[in-house]
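K.L.:
here is a sequence with its predicted model. Questions after.
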Amino acid sequence: MTSTLTASQPAALERRFNTLRTIGASVLLALLWLGLCRTLSGEWSVNEQYNYGWFVPFFAVYLFWLRWQDRPAPEVRSQKLEVRSRLLAAIIGLAALLLLLPIRLFEIGTPEWRPLGWIHAASVATLTLLYIWSAGGKPWLRHFAFPIAFFFVAVPWVTPIEVPIIQGLMRVVAAVAAETVTLFGIPAQLEGNLIRVTSGLVGVNEACSGVRSLQTALMIGLLFGELKRLSSLRRIVLVVGAIAIALSANFCRAVFLVWIAATENISEVNRWHNLAGYAIVALVFVGTLILGTLLSRKRPTALQSIRNPESAICNSTSSFLLPTSYFVFAFCWIVAVELGAHFWYRMHENNLVAATRWGAQWPETAPNFRELKIDEEVRRQLRFDQGHGASWTLSATSSPATSPPSNSKTVTCLLYLFRWNPGRNSALLANLHRPDVCLPAIGWNQVADIGVRNYPVATSFALPFRHFEFRHGTPENSAPQVAHAFYCLWEDRAPSPSAAGSKLPQMATAHSTWTRNERIRQVLEGRRHLGQQVMEVVLVSREQIPAEDAESRFGDLVRDVVLVTPGSE
């Protein structure tokens, strides 16, 4: 009896050790996946097109759990195969782990760069599949591959793929909607992505293009195909069917919204837009479920699970290819990557000093003062934490808070103030909202770039603004609109003198073009987002205003509107 107990102790200790190693490896992989989700969550939050990404991790975990219920028996390896497999696992795993360092450096510096999401997801998926392969061999690798690969539907598409699809869908949806309502006797004229009806223009933007419903349909089709355990061919049919339902429903939504605009009012389109979008998601879900049920074949009720789960775990853990040292090294490397990436940026921020904080006091008593609603598309692109806009009427000779004299020139003042808190945004992002970018996009022609000048705000504080001049109208037009735009990009922490030679785009230079070289330079110079804000003021008039007069008027406006935060000077 004593000898039997003594002989069973090593086996019990080995099982306990393997269990602890399994728990440690699972925690390590969970940390990797949580880090990936944290990185992608920025796009899931600000971009409605990828809101469905929040559900994908939970679906992937559920699919993995279902696969675990009927997992096959682990592969039995020979000793010679063990040595070769261990070497191959070490090479693949080391490459995936080393890739995490540049990924983190670029994610901190330029988190909006979409290829990073695909590289990061590929690295984490490779490490996960490698662990599964080490535990159960090729049978487990094939069995669990789909739940791991399913996560990729939540990774945002790269711009060179996404933009042509969106633009193509917008053109097709607009053309189909215009032709359809015309067949029903409603006059409609197609103008690019716009449809002109009697009550105004109806725009087919990204939200109406159908790409959101297309991506959601792709996720739902793959999900139901796995839940029904369809064959590869039937899964393809199910996904194609889900996409067809989504696109057809989106065409119907576009026709419905144009019909609403033509028969009722343009303002009614906004009321029905989101409701119609939710209806499409519900229709895709129900339609795909019905199609998946029709495609599914009758299967045995009992799962093909292993009869003795404890024995299965014991057998799978006893044939691990990866020793404990591999997991210890992986954990230490992941910690070193996170610490090293932050140290790289902190090393370049040693000489930065806190800048003066300021905001705006809006002249609510000024003539014709009104707040401007910021378009949701602008919010999605700029990803600011705080954004405000306002317009009012002022004269070329009066204070902004007083009524303009009747015999003086009057101009319309538009003021925008955007704030980005320190965090996951790129330092290049604030450089997107500039007059030389936004105004030409809506038909204004830049005629002058007068440069940067400091405008006093308080006794010992001045703000630098870049001055642009624009015209709107054709040469034949005797009275084209004139606009003087003033732009200030302000960092929460001023760059060190040693960074004066930086090649990164600043306020006094060209706007950011988001090139690959620019992003690489961002990381090499250790420049991450430490807090920024942008003020843009546009003075619009139908009469000519000399640049000197515009700058004088703007200098008075700055002193009236800009408010320095107490204690920050």
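P.N.:
Noted; the coordinates are in hand.
K.L.:
can I get stretch 230-247 in PDB? Just the C-alpha atoms.
P.N.:
Extracted C-alpha coordinates of stretch 230-247, given in PDB (Å, rounded to 0.1, in the frame of the first residue of the first chain):
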ATOM      1  CA  LEU A 230     -21.100  23.800 -42.200                       C
ATOM      2  CA  SER A 231     -18.700  22.500 -44.800                       C
ATOM      3  CA  SER A 232     -16.400  25.000 -46.500                       C
ATOM      4  CA  LEU A 233     -18.500  25.300 -49.600                       C
ATOM      5  CA  ARG A 234     -21.700  25.900 -47.700                       C
ATOM      6  CA  ARG A 235     -20.000  28.500 -45.500                       C
ATOM      7  CA  ILE A 236     -19.000  30.300 -48.600                       C
ATOM      8  CA  VAL A 237     -22.600  30.200 -49.900                       C
ATOM      9  CA  LEU A 238     -23.800  31.400 -46.400                       C
ATOM     10  CA  VAL A 239     -21.400  34.400 -46.400                       C
ATOM     11  CA  VAL A 240     -22.200  35.300 -50.000                       C
ATOM     12  CA  GLY A 241     -25.900  35.100 -49.100                       C
ATOM     13  CA  ALA A 242     -25.500  37.300 -46.000                       C
ATOM     14  CA  ILE A 243     -23.600  39.900 -48.100                       C
ATOM     15  CA  ALA A 244     -26.300  39.800 -50.800                       C
ATOM     16  CA  ILE A 245     -29.000  40.400 -48.100                       C
ATOM     17  CA  ALA A 246     -27.000  43.300 -46.600                       C
ATOM     18  CA  LEU A 247     -26.400  45.100 -50.000                       C
END
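K.L.:
what comes up buried for it?
P.N.:
Leu230, Arg234, Arg235, Val237, Leu238, Val239, Gly241, Ala242, Ile243, Ile245, Ala246, Leu247 (16 or more other Cβ atoms under 10 Å). Just so you know, the C-beta spots here come from the backbone N, C-alpha and C atoms, and that holds for glycine as well.
K.L.:
same question for stretch 144-151.
P.N.:
For stretch 144-151, by 16+ other Cβ under 10 Å, it's Phe144, Phe146, Pro147, Ile148, Phe150, Phe151.
K.L.:
ok, now stretch 49-57?
P.N.:
Buried residues in stretch 49-57 (16+ other Cβ under 10 Å): Gln49, Tyr50, Tyr52, Gly53, Val56, Pro57.
K.L.:
closest one to Val540 out of those, please.
P.N.:
Gln49 (33.1 Å; Cβ to Cβ).
K.L.:
wait, doesn't Ala458 sit right on Thr565?
P.N.:
No - in this structure, Ala458 is not within contact of Thr565 by Cβ atoms under 8 Å, at 11.0 Å.
K.L.:
which of those two has more neighbours?
P.N.:
Shown here are Ala458 and Thr565; by other Cβ atoms under 10 Å, Ala458 has more neighbours (14 against 10).
K.L.:
need the contact list for the nearest residue to Leu563 once chain neighbours are set aside.
P.N.:
Counting by Cβ to Cβ, 6 or more residues apart in numbering, Leu563 lies nearest to Gln361, which is 4.5 Å off, once chain neighbours are set aside. Listed by Cβ atoms under 8 Å, 6 or more residues apart in numbering, the contact set of Gln361 reads Val561, Val562, Leu563.
K.L.:
what pLDDT is listed against Gln361?
P.N.:
Gln361 carries a pLDDT value of 89.
K.L.:
all further residue positions should be reported with the first residue as 12.
P.N.:
Yes, from this point I'll number from 12; that puts the last item at Gln372.
K.L.:
just the ones of the buried residues of stretch 60-68 in strands?
P.N.:
Among the buried residues of stretch 60-68, no residue falls in strands (DSSP state E).
K.L.:
now those as CSV including pLDDT and distance to Pro378?
P.N.:
Output for the buried residues of stretch 60-68, formatted as CSV (pLDDT from 0 to 100; distance: Cβ to Cβ, whole Å):
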residue, pLDDT, distance to Pro378
Gln60, 83, 40
Tyr61, 88, 43
Tyr63, 90, 46
Gly64, 91, 46
Val67, 95, 51
Pro68, 95, 53
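K.L.:
just give me the closest of the residues you listed to Val346.
P.N.:
Nearest member of the buried residues of stretch 60-68 to Val346, counting by Cβ to Cβ, is Pro68, at 22.8 Å.
K.L.:
from Pro113, how far off is the nearest residue to the closest one once chain neighbours are set aside?
P.N.:
Among residues not flanking Pro68 along the chain, Cys48 sits closest, at 5.6 Å (Cβ to Cβ, 6+ apart). Using Cβ to Cβ, to the nearest Å, Cys48 is found at 20 Å from Pro113.
K.L.:
between those two, which one's more packed in?
P.N.:
Cys48 (18 against 14).
K.L.:
returning to what we had before: now which of the contacts of Gln372 would you call buried?
P.N.:
Judged by 16+ other Cβ under 10 Å, buried ones among the contacts of Gln372: Val572, Val573.
K.L.:
ok, so of the contacts of Gln372, who is nearest Arg390?
P.N.:
Nearest to Arg390 out of those is Val572 (Cβ to Cβ; 22.8 Å).
K.L.:
and that closest one, its phi and psi?
P.N.:
Main-chain dihedrals, Val572, degrees, to the nearest 10: phi -100, psi -40.
K.L.:
wait, isn't it in contact with Leu428?
P.N.:
No - using Cβ under 8 Å, Val572 is not in contact with Leu428; the gap is 9.3 Å.
K.L.:
what is in contact with those two at once?
P.N.:
With Cβ under 8 Å, 6+ apart as the test, Val572 and Leu428 both reach Ala371.
K.L.:
who does the closest residue to Asn379 other than its chain neighbours form a beta bridge with?
P.N.:
In this structure, Asn379 finds its nearest non-sequential neighbour in Thr404, 4.3 Å apart by Cβ to Cβ, 6+ apart. Using DSSP bridges, the beta-bridge partners of Thr404 come out as Thr423.
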